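J.: give the three-dimensional model of this entry:
(one chain, ligands or ions: 1)
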Amino acid sequence: MTESILIVDDEKEVGTFLHYLLRPRPYKVLSCTNGEQAEQVLHQNPLKLALIDIRLPDTNGLDLLLHIKKAQPTCKTVIMTGYATIDTAVEAIKRGADDFIEKPFAELDELERQLDRFLASDSGETKDAVIENARQAGAIIGRDKQTVQLFRLAQKLASKSVTLMLNGETGTGKEVLARFIHQESERSSAPFTAINCGALSETLLESELFGHVKGAFTGAHSDRKGLFEVAADGTLFLDEIAEASPAIQVKLLRVLETREFMQVGGEKTRKTRARIIAATHKNLLQEVQEKRFREDLYYRLHVIHMTLPPLRDRMDDLPLIAAHMMEELNPALSISTKALLLLQTYEWPGNMRELQNVLTRAVLSMEDTSVEVEPRHLQLPVSQTLNHAAETKEPASFPDTVKELTNHLLSLYEQEELPALEDILKISREIERTAGAAFADKALQKARGSRTNAASLLKTTPRKLRYIVHEK
Ligand SMILES: Nc1ncnc2c1ncn2[C@@H]1O[C@H](COP(=O)(O)OP(=O)(O)OP(=O)(O)O)[C@@H](O)[C@H]1O
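T.: All right, here's what the predicted structure looks like:
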């Protein structure tokens with residue numbers, strides 16, 4: 001039986017148009033204007049591709065899509081969306097849709113290319129290709145589900161024109177992800193330009209972004225194009241956007257809304273075609289609440305946002321990531337199991353960047369005769385390793401945590417100069433104090449501040465509890 005392409009859109013013209021466009025392909029094309037008709041078609045025809053409008057008169061496109069996916073898992077499902085519902089389309093991808101296309105359809109050639117891609121690829125291959133391509137862009141991905149999904153989503157968004165917002169702690173790889181998106185987009189042959197909004201003064205940043213005309217300020221000896229103009233066919237990465245001053249934020253909002261801007265000192269309105277990706281390690285919503293960031297700009301940027309997980313939340317991937325980094329640093333060297341174990345007990349506040357730095361330093365400090373990085377080569381701040389293990393909110397089990405801590409303490413034994421026993425005992429007492437205080441705090445929260453009840457929960461006396469809390 002010939003496979004079919006299903007089009008579901010309450011605007012009849014969309015169905016007719018796509019029908020016309022898809023006619024030369026060797027598929028039966030079926031158009032429906034509501035969910036009920038689509039359900040009937042679904043049960044009578046094997047589907048290769050379903051193109052579904054997000055807003056339907058009798059159901060919502062996302063529900064229909066999930067239904068189709070369940071009934072015919074091999075069918076490619078694509079949401080058709082206008083700008084107003086683009087966040088729902090992205091949500092649809094997170095929940096299993098294969099892609100989305102933007103309405104109104106802008107360029108016919110591009111639309112045909114997209115449709116052919118949907119008809120050609122099979123999803124298994126795409127998944128591996130994403131990981132491989134990410135690696136080429138300098139991102140080691142591993143098996144962490146959240147990260148794999150994030151890069152898959154990023155790849156799908158790469159070909160769209162929408163502005164993207166990347167969140168994540170410092171060093172988690174926001175710029176790496178932005179470069180990957182650029183590499184996967186049709187703009188890849190044009191430059192990727194990054195600018196750190198926190199690193200320049202307001203005047204300099206404004207001139208860098210928007211350009212200036214001759215004589216606009218002291219030192220402006222000639223006209224100069226800004227990055228919004230220079231990066232026209234490429235991608236402009238606005239790093240640390242939370243640091244932009246209120247005046248710059250107003251200008252950025254205008255560019256994002258209208259694509260228009262003016263050079264410093266200029267009078268002519270200019271247009272930009274640059275693809276914009278913004279990033280911050282700050283909690284932007286909190287910045288809005290504390291009136292440091294414009295609410296309208298926040299909402300404009302936040303439509304499609306992606307969050308990179310911190311390294312401590314993907315510790316299972318750490319051995320693989322560390323092995324790849326070592327391969328880049330020196331393929332003749334590797335890491336010992338003990339060293340890996342130590343790396344896995346550390347909190348990694350600086351994330352991937354910090355891991356890279358720690359390994360680079362380790363390799364530099366290795367003796368000529370060593371081929372493996374050992375714990376003695378790793379210079380990690382001891383307090384952060386220990387605190388992490390002692391404060392782990394939900395330890396897998398006590399024996400695991402105790403083993404981890406003991407291993408860590410033993411790893412200190414490998415350092416060139418042995419630590420004094422008194423120092424080791426000091427650390428043990430610190431753990432006792434931290435763990436005791438954490439338990440006391442938890443019990444006090446549960447008992448809503450009543451020391452008597454908290455003490456009874458922990459099977460101790462109120463006096464001892466008070467002592468532990470004050471010891472902290
Ligand atoms: N997935 C990854 N695989 C390998 N290396 C990575 C990965 N993510 C980040 N790195 C490395 O970590 C360092 C920091 O990455 P990047 O600059 O992208 O982080 P960031 O989140 O933009 O940091 P910041 O918030 O400080 O600007 C870079 O040297 C980068 O090569």
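J.: where's residue 79, which helix or strand?
T.: For residue 79, the enclosing helix or strand under DSSP states H and E is strand 76-81.
J.: for that strand, packing partners?
T.: strand 47-53, helix 61-71, helix 86-94, strand 99-102, helix 108-120 (3 or more Cβ pairs under 8 Å, 6 or more residues apart in numbering; DSSP states H and E). (Each C-beta comes from the backbone N, C-alpha and C, glycine too.)
J.: turn the ones you listed into JSON lines, columns for distance to the ligand and mean neighbour count.
T.: Listed next are the helices and strands packed on strand 76-81 as JSON lines, based on distance: least, Cβ to the nearest ligand atom, whole Å; neighbours: other Cβ atoms under 10 Å:
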{"stretch": "strand 47-53", "distance to the ligand": "32", "mean neighbour count": "24"}
{"stretch": "helix 61-71", "distance to the ligand": "29", "mean neighbour count": "19"}
{"stretch": "helix 86-94", "distance to the ligand": "20", "mean neighbour count": "19"}
{"stretch": "strand 99-102", "distance to the ligand": "23", "mean neighbour count": "20"}
{"stretch": "helix 108-120", "distance to the ligand": "26", "mean neighbour count": "14"}
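J.: got CSV for these, with mean pLDDT too?
T.: Shown next, in CSV, are the helices and strands packed on strand 76-81 (pLDDT from 0 to 100):
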stretch, mean pLDDT
strand 47-53, 94
helix 61-71, 90
helix 86-94, 85
strand 99-102, 88
helix 108-120, 87
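J.: tell me the mean pLDDT for the strand holding residue 79?
T.: The average pLDDT within strand 76-81 is 92.
J.: ok, the closest residue to the ligand within the chain to residue 446 distance?
T.: Closest approach of the chain to the ligand (Cβ to the nearest ligand atom) occurs at residue 173, with a separation of 2.5 Å. Remark: distance between residue 173 and residue 446 (Cβ to Cβ, to the nearest Å) = 38 Å.
J.: how about residue 355?
T.: 36 Å.
J.: and residue 141, by the same measure?
T.: Look at residue 141 and residue 446: by Cβ to Cβ, they are 39 Å apart.
J.: same deal with residue 151?
T.: Residue 151 is 40 Å from residue 446, by Cβ to Cβ.
J.: how far off centre is stretch 427-437?
T.: Distance, stretch centre to chain centre, for stretch 427-437: 35 Å (Cα atoms, centre = their mean, to the nearest Å).
J.: hey, C-alpha coordinates of that stretch in PDB?
T.: C-alpha atoms of stretch 427-437 as PDB (Å, rounded to 0.1, in the frame of the first residue of the first chain):
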ATOM      1  CA  ILE A 427      38.300  17.300  58.000                       C
ATOM      2  CA  SER A 428      36.500  14.200  59.600                       C
ATOM      3  CA  ARG A 429      35.200  16.400  62.400                       C
ATOM      4  CA  GLU A 430      34.100  19.000  59.800                       C
ATOM      5  CA  ILE A 431      32.100  16.300  58.000                       C
ATOM      6  CA  GLU A 432      30.500  15.200  61.400                       C
ATOM      7  CA  ARG A 433      29.600  18.800  62.100                       C
ATOM      8  CA  THR A 434      28.200  19.500  58.600                       C
ATOM      9  CA  ALA A 435      26.200  16.300  58.400                       C
ATOM     10  CA  GLY A 436      24.800  16.800  61.900                       C
ATOM     11  CA  ALA A 437      23.800  20.400  61.200                       C
END
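J.: so which of residue 173 and residue 446 has more stuff around it?
T.: residue 173 (24 against 13; other Cβ atoms under 10 Å).
J.: so that one sits against residue 139, correct?
T.: Yes. Residue 173 is in contact with residue 139 according to Cβ atoms under 8 Å; the separation is 6.1 Å.
J.: all helices for the stretch 151-300 of the chain, in order.
T.: All helices of the stretch 151-300 of the chain, identified by DSSP state H, counting those that start in this stretch, fall at 174-184, 202-210, 227-230, 246-258, 284-289, 295-302.
J.: helices or strands up against the third one?
T.: Taking 3+ Cβ pairs under 8 Å, 6+ apart as the contact definition, the neighbouring helices and strands of helix 227-230 are strand 192-196, helix 202-210.
J.: what residues of the shortest one count as buried?
T.: For strand 192-196, a neighbour-count test (16 or more other Cβ atoms under 10 Å) marks 192, 193, 194, 195 as buried.
J.: and what of the longest one?
T.: Within helix 202-210, the residues that count as buried by 16+ other Cβ under 10 Å are 205, 206, 207, 208, 209, 210.
J.: just the pLDDT at the fifth one, thanks.
T.: Model confidence at residue 209, expressed as pLDDT, equals 95.
J.: got the contact list for stretch 446-453?
T.: 444, 454, 457, 462, 465, 466 (Cβ atoms under 8 Å, 6 or more residues apart in numbering).
J.: correct me, but the fourth one touches residue 455?
T.: Yes. Using Cβ under 8 Å, residue 462 makes contact with residue 455 at a distance of 4.4 Å.
J.: higher neighbour count, those two?
T.: Applying other Cβ under 10 Å to residue 462 and residue 455 shows that residue 455 carries more neighbours, namely 21 against 14.
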